[in-house]
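Colleague: Mind looking at a prediction? Sequence and model below.
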Amino acid sequence: PVSEEIVERLVLPQVDRAVPEWQATLDALLSLPEIGGPVGYSGGVISIGVRLAVVEPRISAAVLFAGSFVPRAMFDQARLVTIPLQVLLQWDDEGNDRQMALDLFDVFGSKEKTLHANMGGHTGVPQFEAEEGNRFFARHLK
């Protein structure tokens, strides 16, 4: 078992480093004349996605993967997330705390949030979920 202290020590610094990198990437991409908004985010470290959804106003919708450890501090930030969300959860993910993922989903402040739970382990995300993510973004990134 991984303690909350270890999760906080490992994940929060990763979030603190990754979010500014994502913002710099957005700056660079959106400065190109052929690329415009709105912007969607899809990512596997859910804590990075939560932080981005809170601090980055250019992100209009997100697909998040509930397959990583989540520091308790992220729950307060999740309450501030208001963009449309689609969250993927592999029900039998041996390295994921299913109840924590469900609890995190419950506290998201978004009026539109959808949970896609599929049987299978961490790497068993069904192929059709990519298509579902595309449809989700097509609805929200018009």
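Modeller: Yes, it's here. Numbering: from 1, shown residues only.
Colleague: Go ahead and confirm residue 46 touches residue 71.
Modeller: No: taking Cβ atoms under 8 Å as the definition, residue 46 is not a contact partner of residue 71, at 10.5 Å. Using the backbone N, CA and C atoms, a C-beta is placed for each residue, glycine as well.
Colleague: And these two? Which one has more around it.
Modeller: Neighbour totals were compared for residue 46 and residue 71, and residue 46 leads with 27 against 19 (other Cβ atoms under 10 Å).
Colleague: show me the contacts for the more buried one.
Modeller: Under the criterion of Cβ atoms under 8 Å, 6 or more residues apart in numbering, the contact list for residue 46 reads 64, 65, 66, 67, 68, 70, 74, 87, 101, 104.
Colleague: Which pLDDT value belongs to it?
Modeller: Model confidence at residue 46, given as pLDDT, is 95.
Colleague: which one is it nearest to, not counting chain neighbours?
Modeller: Spatial nearest neighbour of residue 46, chain neighbours left out: residue 64 (4.9 Å); criterion: Cβ to Cβ, 6 or more residues apart in numbering.
Colleague: Doesn't that neighbour belong to a strand?
Modeller: Yes: under DSSP: H, G, I helix; E, B strand; the rest coil, residue 64 sits within a strand.
Colleague: And for it, the neighbour number?
Modeller: Residue 64 is flanked by 30 other residues according to other Cβ under 10 Å.
Colleague: Quick check: beta-bridge partners of it?
Modeller: Listed beta-bridge partners, residue 64: residue 43, residue 87 (assigned using DSSP bridges).
Colleague: ok, now how distant is residue 53 from residue 62?
Modeller: 5 Å (Cβ to Cβ, to the nearest Å).
Colleague: Need the overlap of contacts for the two.
Modeller: Looking at what touches both residue 53 and residue 62 (by Cβ under 8 Å, 6+ apart), the common residues are 41, 83, 85.
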